[in-house]
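Engineer: Take this sequence and fold it.
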Amino acid sequence: MASRQKLTPSDVEKIQAEIRNRKVNIRHEILEEVKEARAQGDYSENYELYAAKRAKNQNESRIRYLEGILKNAIIISDESTDGQVSMNNLVTIYFPEDDLEETYKITTSIRSNSSENRLDMESPLGKALLHHKVGDTVTVHVNKDISYDVVIRAIDDSQDGDDAIQEF
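Structural biologist: All right, here's what the predicted structure looks like:
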């Protein structure tokens, strides 16, 4: 059974838009490439045909993957709660152990990206921060043996913006 991902209405719209684009535009472009490559003949050494078929398979696989996510999704609110860490908030936190301050955006797993400081709400840090306020010291439990504290320094409402959904 596929896992049930939590998605916001915005996530659903982005996934539906990607599926539409892949079915209408990308599928058509790839089928044209396959036709052109086949017209060259000699299939045994036709790299263009191989590449076009591979692109076709990858596109169809991505469509199935995204449709599966939508089929099993749990839709959650992306409404921000005043004064509390919520979905799509930019949260500035202080790590006392490291004397370091970082800002993260709280997102769903399909939009999380650690290199862009987009934090999955289901991650240990994301779970710990949700529903807390500026000034709160929050304990993050990584596992049963490891935990650390962070202090919430600022919470800024953010818009969904251009947070792309993850590739696979």
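Engineer: Can you check which strand is longest in this structure?
Structural biologist: strand 147-156 (DSSP state E).
Engineer: Could you name the helices and strands sitting against it?
Structural biologist: If contacts are counted by 3 or more Cβ pairs under 8 Å, 6 or more residues apart in numbering; DSSP states H and E, strand 147-156 sits against strand 90-95, helix 124-129, strand 137-141. Yep, even glycine has a C-beta here, placed from its N, CA and C like the rest.
Engineer: Now do the shortest one against strand 147-156, angle only.
Structural biologist: Translated: strand 137-141. 130 degrees (axes from the mean of the first three to the mean of the last three Cα atoms, to 10 degrees).
Engineer: any idea how far residue 49 is from residue 133?
Structural biologist: Distance, residue 49 to residue 133, by Cβ to Cβ, to the nearest Å: 59 Å.
Engineer: Between these two, which is the more surrounded one?
Structural biologist: Taking other Cβ atoms under 10 Å, residue 49 and residue 133 do not tie; residue 49 has more neighbours (21 against 12).
Engineer: Columns mean pLDDT and mean neighbour count on top of the helices and strands packed on strand 147-156, output as CSV?
Structural biologist: Putting those into CSV (pLDDT from 0 to 100; neighbours: other Cβ atoms under 10 Å) gives the following:
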stretch, mean pLDDT, mean neighbour count
strand 90-95, 97, 18
helix 124-129, 96, 20
strand 137-141, 97, 14
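Engineer: Between these, which one is closest to residue 45.
Structural biologist: Nearest of the helices and strands packed on strand 147-156 to residue 45, taken as Cβ to Cβ: helix 124-129 at 50.6 Å.
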